[in-house]
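Visitor: I'd like to go over a predicted model; first the sequence, then the structure.
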Amino acid sequence: MFAAQSAVFAEPNIVPVIVLFTPGASLDIERGALASAGGEVTHVYEIINAVAARLPSASIDGLKRNPHVLSVDYDAEVNALNLGADQQIHADQVWANGYAGSGVSLAILDTGIAKSHPEFVGRIAFCESEVTGITDCEDDEGHGTHVAGLAGASGEYGSAKGVAPSVTFMIDKVLNSQGSGSISQIISGIEWAVTNDADIISMSLGTSSLDNRGTKANCDTAIPSLTLAINNAVAAGVTVVAAAGNAGAQGLGAPGCISSVIAVGAVDSSDNIASWSSRGAAMRDHGVAAPGVSLLSTYLNGGYAYMSGTSMATPVVSGTIALMLEANSSFQPSDIKAKLFSSADCLNNKYGTCPNNYIGYGRVNALQAVTPSLPPTPFITLSANPSTIPISQTSTITASTSDITGDVAITFTTTLGLLSQSSCTTISGSCTVSLSSSTTGTATITGSASGYTQASTSVNILDSTLPLSVSVSTNKPSYKKGNPVMITVTVSASETPVPGALVSLKIIDPSENTLALLTATTDSTGVASFKYTLSRSADSGSYIASATASKIGYTDDSDSNTFDVK
């Protein structure tokens, strides 16, 4: 099993970033500006109008003020995440009906593939490496070969037959011999797959949790460049599948937590959720589960091996989608997501009604998903933020359409309280209204639209104010005099991020003198960021960063953290 991890960038002199520019910005001009600032451009992404670059950390704040810059994303590290499974999801019955993934192109972004393995002979149409920069995809780790076999091993060794044994492979090596890569390499792989007309992109990899320990339905704003690359792929007709991760209750990482992908959790042969399978609101929003425990599949040197992980569950779903596309060639990504979700097995509500935080819409059922039919009815999803409020506060209700369609009029009703408006019209597939109430209880909000399956969500309204919870952290435990201290204050209530909270931060020296009093307001994720530069004549010793957060309708809370100055 491969644990999902991400790199932590602690204010180095040179920082790898992905800079996303406005659509009209000239990449040539902006590259020149980056070079003038001491940066080195390492890759250009013309489709999403972005560049990957290595920049002096001191130039990043100025870059963010550039009116042509939409976002500056740290180029975080991503890591690899792993004939019984076929029968468990009824793929063997699909083969009996004549479908095996023939004519479908599956792009696997991983550590590569053992090209000479008997299970893949004559079926690797494209081969690329973002690690070496050459047209080669030989696997030097084993993870990618195991993943590819689960999706589509031909069945030379019957017990290790893949879900779609006739699928055509497109392999891009985006992870190195240690199973690690970067966001920029993943974006390159996604653009390569789209350019070469992939039908499916399968990614058994991910960062550490980005969905606030599983409380957020998605992480779309966490890494805008990666989200845009995936959204572009989906808009181009490519279905994107990604591992949920192996972090259990810590939640999902990217790309699994991005809403336009299909996130995949893992169950064992008895349909029990694996203890390490990442769970949370993102699974409930756009996830399914598949077998991922002790699966036998292809490995290096023509061999076979058992591995476990959501990495292994992911190609089981990707292979299922290949079967679906052969049977329903007109299906678009929205059709596939809707049919895959609606046909999944909720396992007799073992983890509650579906969708839920554990297995999402259920464990995939290839036979039900592949049954030729008209494109399924698109559906609406609703989410409430926050889901618990005091009487004096409001909650934002977001409605999203599964087909990401704009100009859809969604009508709302509520069992308690008042809505800011009775309907809203979607833009790029979503729109919002607000709920307020002068009465305590649970409000059930329903959203409906013509031609869509309706959805509901709930908000708990409390009589008293909610207590805030404040957490203070620094990017390093110790600093040299004259260096900047980066301080992050996270504010939540009932484990839900609180935006718009006023945060006051005091810096206290070893003699208990207050050196600075800084203020900021938390963003949409409940985070306020501060930068305090130490004087070159600062005293050595232990300093305190003490923060207090307040917001109307909430009870104030404080927290502090220490850092050393040498």
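Guide: Thanks, I have it.
Visitor: Ser494 touches Ile389, doesn't it?
Guide: No: using C-beta atoms under 8 Å, Ser494 is not in contact with Ile389, being 9.2 Å away. (Each C-beta comes from the backbone N, C-alpha and C, glycine too.)
Visitor: where in the stretch 1-150 of the chain is pLDDT low?
Guide: Along the stretch 1-150 of the chain, segments meeting pLDDT under 70 span 1-13, 79-82.
Visitor: re the thing from before, between Ser494 and Ile389, which is the more surrounded one?
Guide: Neighbour count, other C-beta atoms under 10 Å: between Ser494 and Ile389, Ile389 has more, with 26 against 16.
Visitor: ok so that one is a helix residue?
Guide: No: Ile389: not assigned to a helix; according to DSSP: H, G, I helix; E, B strand; the rest coil it is strand.
Visitor: Secondary structure element holding Ile186?
Guide: If you go by DSSP states H and E, Ile186 is part of helix 183-195.
Visitor: quick one: strands adjacent to whatever helix or strand comes next after that helix?
Guide: Next helix or strand after helix 183-195 toward the C-terminus (DSSP H and E): strand 200-203. Here strand 200-203 is paired, per DSSP bridges, with strand 105-110 (parallel), strand 239-243 (parallel).
Visitor: ok, residues contacting strand 200-203?
Guide: Under the contact criterion C-beta atoms under 8 Å, 6 or more residues apart in numbering, strand 200-203 has outside partners 104-110, 147, 151, 186, 189-190, 193, 233, 238-243, 255, 314-315, 318, 321-322, 325.
Visitor: where along the stretch 1-150 of the chain do the helices fall?
Guide: 27-36, 60-64, 84-88, 91-96, 143-152 (DSSP state H, counting those that start in this stretch).
Visitor: between the ones you listed, which gets nearest to Val433?
Guide: Smallest distance to Val433 across the helices of the stretch 1-150 of the chain (C-beta to C-beta): 31.6 Å, for helix 60-64.
Visitor: Output the closest one as PDB, restricted to C-alpha atoms.
Guide: Only the C-alpha atoms of helix 60-64 are listed here, as PDB (Å, rounded to 0.1, in the frame of the first residue of the first chain):
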ATOM      1  CA  ILE A  60       6.100  35.400  -5.100                       C
ATOM      2  CA  ASP A  61       4.200  38.100  -3.300                       C
ATOM      3  CA  GLY A  62       4.900  40.600  -6.100                       C
ATOM      4  CA  LEU A  63       3.900  38.000  -8.700                       C
ATOM      5  CA  LYS A  64       0.500  37.500  -7.000                       C
END
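Visitor: For it, name the packing helices and strands.
Guide: Packing partners of helix 60-64 (3 or more C-beta pairs under 8 Å, 6 or more residues apart in numbering; DSSP states H and E): strand 14-21, strand 69-74.
Visitor: how far out from the middle of the chain is the longest one?
Guide: In this case it means strand 14-21. Put simply, strand 14-21 sits 19 Å off its chain's centre (C-alpha atoms, centre = their mean, to the nearest Å).
Visitor: Name every strand pairing with it and say which way it goes.
Guide: Applying DSSP bridges to the sheet, strand 14-21 is found paired with strand 50-56 (antiparallel), strand 69-74 (antiparallel).
Visitor: pLDDT below threshold where in this protein?
Guide: Scanning the chain for pLDDT under 70 picks out 1-13, 79-82, 372-376.
Visitor: Could you tell me the angle between the longest helix anywhere in it and strand 105-110?
Guide: Assignment by DSSP state H gives helix 310-327 as the longest helix of the chain. Using axes from the mean of the first three to the mean of the last three C-alpha atoms, to 10 degrees, the direction of helix 310-327 lies 170 degrees away from that of strand 105-110.
Visitor: helix or strand right after helix 310-327?
Guide: Defined by DSSP H and E, the subsequent element after helix 310-327 is helix 333-343.
Visitor: Now do the next helix or strand after that next one: distance to the chain's middle.
Guide: Once helix 333-343 ends, the next helix or strand along the chain (criterion: DSSP H and E) is helix 366-370. Centre-to-centre, helix 366-370 and its host chain are 26 Å apart (C-alpha atoms, centre = their mean).
Visitor: Can you work out which other helices and strands pack against helix 366-370?
Guide: helix 91-96, helix 310-327, helix 333-343.
Visitor: Could you give the bridge partners of Tyr470?
Guide: Let me fix one detail, which is that residue 470 is Val and not Tyr. Val491.
Visitor: Kindly tell me how buried it is, as a neighbour count.
Guide: Look at Val470: counted by other C-beta under 10 Å, it has 24 neighbours.
Visitor: Ok, Met283 next?
Guide: Count around Met283 with other C-beta under 10 Å applied: 30.
Visitor: Spatially, what comes nearest to it if we skip its sequence neighbours?
Guide: Gly360 (4.3 Å; C-beta to C-beta, 6 or more residues apart in numbering).
Visitor: Who is that neighbour paired with across the strands?
Guide: According to DSSP bridges, beta-bridge pairing links Gly360 with Asn356.
Visitor: Looks like it contacts His286 (just checking).
Guide: Yes: assessed by C-beta under 8 Å, Gly360 is found in contact with His286 at 7.2 Å.
Visitor: hey, what's in contact with both of these two?
Guide: Ala263.
Visitor: Pop the domain breakdown of the protein in here.
Guide: Listed domain ranges for the chain are 78-370, 380-462, 468-565 (source: automatic domain parsing).
Visitor: circling back to that earlier point, give me the packing partners of the helix holding Ile186, helices and strands only.
Guide: strand 14-21, strand 40-45, strand 50-56, strand 105-110, strand 168-173, strand 200-203, helix 224-235.
Visitor: residues in contact with the third one?
Guide: Read that as strand 50-56. Strand 50-56 is contacted from outside by 13-21, 27, 30-31, 34, 37-45, 63, 75, 184, 187, 225, 228, using C-beta under 8 Å, 6+ apart.
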